[in-house]
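Participant: Fold the following.
(2 chains)
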Amino acid sequence: ELKVEQNPLFLSMQEGKNYTIYCNYSTTSDRLYWYRQDPGKSLESLFVLLSNGAVKQEGRLMASLDTKARLSTLHITAAVHDLSATYFCAGGLGGATNKLIFGTGTLLAVQP
Amino acid sequence: DAGVIQSPRHEVTEMGQEVTLRCKPISGHNSLFWYRQTMMRGLELLIYFNNNVPIDDSGMPEDRFSAKMPNASFSTLKIQPSEPRDSAVYFCASSLRNNSPLHFGNGTRLTVT
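Facilitator: Residues are numbered from 1 along each chain as shown, chains lettered A, B, ... in the order given. Alright, predicted model coming up:
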């Protein structure tokens, strides 16, 4: 059974600083997703990582995937307040299914 | 594209009542998922459909929960009878194909008193 763990669960950081959110998964997963959720809102897809070594960047966010280590990271560069949200990673189980198992989420609070 | 549409946005009901949540996936998407989100348990996959057929319902908590997808543009999640511990935000999501991201609806916030 695929299990997905994120750390930290809560991250308070100052504007302008860099930080990384980590996502570990327990068994083979052929794809890894990152989502953002604002309070009281739905989940918004950020990145889809489909292969070992995949790296994707959008603005101040960069996601990478290391399938051998079963690890994905979401790196935040020069954080701004607008990035405050909860970030989820989700692992796909592979095969003919698009079933995703979500991590616990990381609540990011960027302080001015 | 209107995205995934869920109704109602909020539902307050008394314990023992039947609750029906509705979802319209994005047109052309062939997979549909029902998730439940709570503070304690996070995001849990309840059931998902491929081409209107239920593939995996192992996340459905009890027989009180049932889900149907009578056609490609509509799905329901029913709870009968409802209990206070069912209070949560229920999300519906759809995807185009494997490796595509899931597109989530705005969710239904269910409160059972």
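Participant: Kindly list the main-chain dihedrals of the most centrally placed residue in chain B?
Facilitator: Using C-alpha atoms, centre = their mean, the residue of chain B that lies closest to the mean C-alpha position is residue B:34, 3.3 Å off. With angles defined as degrees, to the nearest 10, residue B:34 shows backbone torsions of phi -110, psi 120.
Participant: so what's it up against?
Facilitator: Contacts for residue B:34 were tallied using C-beta atoms under 8 Å, 6 or more residues apart in numbering or on different chains; they are B:23, B:45, B:46, B:47, B:48, B:67, B:75, B:77, B:90, B:91, B:92. (Glycine included, C-beta is placed from N, CA and C.)
Participant: what about 7 Å?
Facilitator: Residues near residue B:34 by C-beta atoms under 7 Å, 6 or more residues apart in numbering or on different chains: B:46, B:47, B:67, B:77, B:90, B:92.
Participant: what does residue B:10 give?
Facilitator: Here residue B:10 is in contact with residue B:109 (C-beta under 7 Å, 6+ apart).
Participant: so what pLDDT did it get?
Facilitator: The model reports residue B:10 with a pLDDT of 97.
Participant: tell me what the lowest-mean-pLDDT helix or strand in chain A is packed against?
Facilitator: Least confident helix or strand, chain A: strand A:100-102 with a mean of 91, by mean pLDDT, DSSP states H and E. With contacts defined as 3 or more C-beta pairs under 7 Å, 6 or more residues apart in numbering or on different chains; DSSP states H and E, the packing partners of strand A:100-102 are strand A:85-92, strand B:42-50.
Participant: Could you spell out the sheet neighbours of the last one, each with its direction?
Facilitator: Using DSSP bridges, strand B:42-50 pairs in its sheet with strand B:31-38 (antiparallel), strand B:53-56 (antiparallel).
Participant: for chain B, what are the nearby residues on chain A?
Facilitator: Selection of chain A residues close to chain B by C-beta under 7 Å from any C-beta of the partner chain yields A:31, A:33, A:42-43, A:45, A:48, A:50, A:88, A:96-102, A:104-105.
Participant: let's see 10 Å
Facilitator: Of all the residues in chain A, those in contact range of chain B (C-beta under 10 Å from any C-beta of the partner chain) are A:1, A:4, A:6, A:30-31, A:33-35, A:37, A:40-48, A:50, A:88, A:90, A:92-105.
Participant: Understood, closing this out.
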